[in-house]
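1. Predicted structure and sequence below. I'll ask about it afterward.
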Amino acid sequence: MSLELTVEDSLMLEKHRLERLRSFFADTLAKCFLHLDQKNVLTIHCSEPCLVDQLLSEVEQLRWYVWIIVGAQRLSICFAEEEIYRASTRKPRKKAQRVHTA
């Protein structure tokens, strides 16, 4: 028995991960189109501005679930073919502060 995933297996797993994500945000994501691209960016296309507002109000939790469940590195929320929000799914590490020297 081979343990390697076929293309069909990978697509099925992706579909199940997206369905699982939808289950946690059922009121909003059920009405949105989700797309995970080759660059590992999950794009959520919303058809109504109230859906965007709802997702933005839960964006910290949404980012976490997108990273844990889907495995996407970035999240993008779009409305009317315009990107409204884009961020990494993980909080950035603290950057070293740059000290200005004269």
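-> Yep, that arrived.
2. so what does the helix or strand containing residue 55 touch, helix or strand wise?
-> Taking DSSP states H and E as the criterion, residue 55 maps to helix 49-57. The contact analysis (3 or more C-beta pairs under 8 Å, 6 or more residues apart in numbering; DSSP states H and E) places helix 49-57 against helix 26-29, strand 41-46, strand 74-79, strand 82-88. Any C-beta I mention is one placed from the backbone N, CA and C, and that applies to glycine too.
3. if you set the cut-off to 10 Å instead, what comes out?
-> Contact partners of helix 49-57 among helices and strands, from 3 or more C-beta pairs under 10 Å, 6 or more residues apart in numbering; DSSP states H and E: helix 26-29, strand 32-36, strand 41-46, helix 59-65, strand 74-79, strand 82-88.
4. how about that helix: buried residues?
-> Residues of helix 49-57 classed as buried: 51-52, 54-55 (neighbour count, 16 or more other C-beta atoms under 10 Å).
5. Tell me what angle that helix forms with strand 74-79.
-> 150 degrees (axes from the mean of the first three to the mean of the last three C-alpha atoms, to 10 degrees).
6. residues making contact with helix 49-57?
-> For helix 49-57, the surrounding residues in contact (C-beta atoms under 10 Å, 6 or more residues apart in numbering) are 25, 27-32, 44-46, 48, 61-62, 75, 77-80, 84-85.
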